[in-house]
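Engineer: need a structure here:
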Amino acid sequence: MKDIKKQTIQYRFPSDFWWGSSASATQTEGTVEGDGKGPNIWDYWFEQEPNRFYDGVGPADTSRFYTRYKEDIALMKELGHNSFRFSISWSRLFPAGRGAMNQQAVQFYNSVIEELRQADIEPFVNLYHFDLPMALQEKGGWVNRETVEAYVDYANTCFELFGDRVAKWFTHNEPIVPVEGGYLYDFHYPNIVDFSKAVQVGYHTLLSSASVIKAYKEGGYKGKIGIILNLTPTYPRSQHPADVRAAEICDAFFNRSFLDPSVTGEFNPLLVELLRQEGFLPLMEDGDREIIRKGTVDLLGINYYQPRRVKARESLPNPDAPFVPERFFDYYVMPGRKMNEMRGWEIYEKGIYDILTNVRQNYGNIECFISENGMGVQGEEKFRDENGMIHDDYRIDFIREHLKWVQRAISEGSNVKGYHLWTFMDNWSWSNAYKNRYGFVSVDLQDGGKRSVKQSGYWFKQVIENNGF
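Structural biologist: Numbering: from 1, shown residues only. Prediction:
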């Protein structure tokens, strides 16, 4: 591999840039007998329908971070990380969602935080990453307002337990995804297709985020608290007014639904008008608007993988079909687009710049960072050499080309503070399980979860050492 140190640094980043990666509890921790963890919706769904999961691999036997965190954090340090985002498992800390606390979980997360700090890696802690305790789902999940109260209690407990050592907190990761997956398109449990419930789930999630931010600020903690949104830039097929309108509506549903209230404290007017017209406004209570208005974020995490391209609808929707946002637009396949064929996703590096420019120009240039960006590839074993290293040049190219656009946004004044790859090590990925690998570090499930650094991990280490490339 070419030594970057002998090259001129063309793309330089701020000296205090956050370099690292992101992961989540359910996707990495695994389950150990006697660990006291309660079931979450993924544990339950896998138990009910293992056929829905790639190769029949469920969340119990994942990358085993629960028992191997010291080894993994030592690898992070070796690869130059100065920050790492992980999530706390709500059902590990509170097996029934609320009530009795699992002291083994407290000990585990304290140990992880201490291990990171000793390695000079700042812990970024996310409170919710798609993994609702099953006991709360049985009571209606996020459709039920009581889940908001339970979540605020859980978050406050986390602040009390760990807030003296954690200065970067996040309420939710990609909150639009459980709305889409669980209540619109049938790719997350509870597999309900009901737009009215989807709106209520989205609203209660937003309310929970604002309520927790309010609690954090009232608690006098010295850190910052934010939210992590998968901001997917929406591009119209053409500048025809119907295509432009289709893109605006799509953007309102999938981006601005959480971005606007989280940053500005106000709901997106177009989305409110559409929901009112269609009779889908959520149930709200007195005082909610004030909580949302005041519960704005200090810090915005931005996840970016692919763009969204849309056009005006070309046929009338079935009036009897379940209501979905696609009532207002069709997706558009742009000729000549660059693809990650393994994942079926378009690769469009400039999208990351367009997001950051939008945040700078329209959202007060709030402090932000790239909290996820990455490339999932199936069958990476074929790129492993005789010494055991996977040569993932495609991932290096993917990261480099996105970082070029991040650096350009910084040079134009965007307040972007860091870049975290998804993910540190290959992890379990919901119903896709281990189909697509994303990590800097390979995890060999056939060899007890053995870790080995890929070429991209060493390349990224050099980028961090040089603060650029």
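
Engineer: measure Lys224 to Glu346 for me?
Structural biologist: Lys224 sits 33 Å away from Glu346, going by C-beta to C-beta, to the nearest Å. Yep, even glycine has a C-beta here, placed from its N, CA and C like the rest.

Engineer: got any ranges where the stretch 1-150 of the chain has weak pLDDT?
Structural biologist: Scanning the stretch 1-150 of the chain for pLDDT under 70 picks out 1-7.

Engineer: strands along that one, start to end?
Structural biologist: 18-22, 83-87, 122-126 (DSSP state E, counting those that start in this stretch).

Engineer: go through the ones you listed and name the closest to Gly457.
Structural biologist: Among those, strand 18-22 comes nearest to Gly457, with 9.6 Å by C-beta to C-beta.

Engineer: list the helices and strands that closest one packs on?
Structural biologist: With contacts taken as 3 or more C-beta pairs under 8 Å, 6 or more residues apart in numbering; DSSP states H and E, strand 18-22 sits against strand 83-87, strand 122-126, strand 368-372, strand 416-422, helix 455-466.

Engineer: nearest to Asp392, of these?
Structural biologist: Taking the helices and strands packed on strand 18-22 one by one with C-beta to C-beta, helix 455-466 is closest: 4.8 Å.

Engineer: got a list of contacts for that closest one?
Structural biologist: Residues lying outside helix 455-466 but in contact with it, judged by C-beta atoms under 8 Å, 6 or more residues apart in numbering, are 1, 3-5, 9, 19, 78-82, 389-393, 395-396, 399, 403, 421, 440-441, 469.

Engineer: just to revisit the earlier point, reformat the strands of the stretch 1-150 of the chain as JSON lines; add distance to Pro282.
Structural biologist: Shown next, in JSON lines, are the strands of the stretch 1-150 of the chain (distance: least, C-beta to C-beta, whole Å):
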{"stretch": "strand 18-22", "distance to Pro282": "30"}
{"stretch": "strand 83-87", "distance to Pro282": "26"}
{"stretch": "strand 122-126", "distance to Pro282": "24"}
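
Engineer: a markdown table please, covering the helices and strands packed on strand 18-22 and showing distance to Asn362 and mean neighbour count.
Structural biologist: Below are those laid out as a markdown table (distance: least, C-beta to C-beta, whole Å; neighbours: other C-beta atoms under 10 Å):
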| stretch | distance to Asn362 | mean neighbour count |
| --- | --- | --- |
| strand 83-87 | 25 | 25 |
| strand 122-126 | 25 | 23 |
| strand 368-372 | 13 | 26 |
| strand 416-422 | 15 | 24 |
| helix 455-466 | 30 | 20 |
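
Engineer: now distance to Gly140 too, for the ones you listed, in CSV please.
Structural biologist: As requested, the helices and strands packed on strand 18-22 are arranged in CSV below (distance: least, C-beta to C-beta, whole Å):
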stretch, distance to Gly140
strand 83-87, 23
strand 122-126, 24
strand 368-372, 29
strand 416-422, 31
helix 455-466, 43
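
Engineer: so which of the ones you listed comes closest to Ile213?
Structural biologist: It's strand 122-126; of the helices and strands packed on strand 18-22, that one is closest to Ile213 (C-beta to C-beta) at 13.6 Å.

Engineer: leaving out the residues flanking it, which one is nearest to Tyr189?
Structural biologist: Spatial nearest neighbour of Tyr189, excluding adjacent residues (C-beta to C-beta, 6 or more residues apart in numbering): Trp45 at 4.0 Å.
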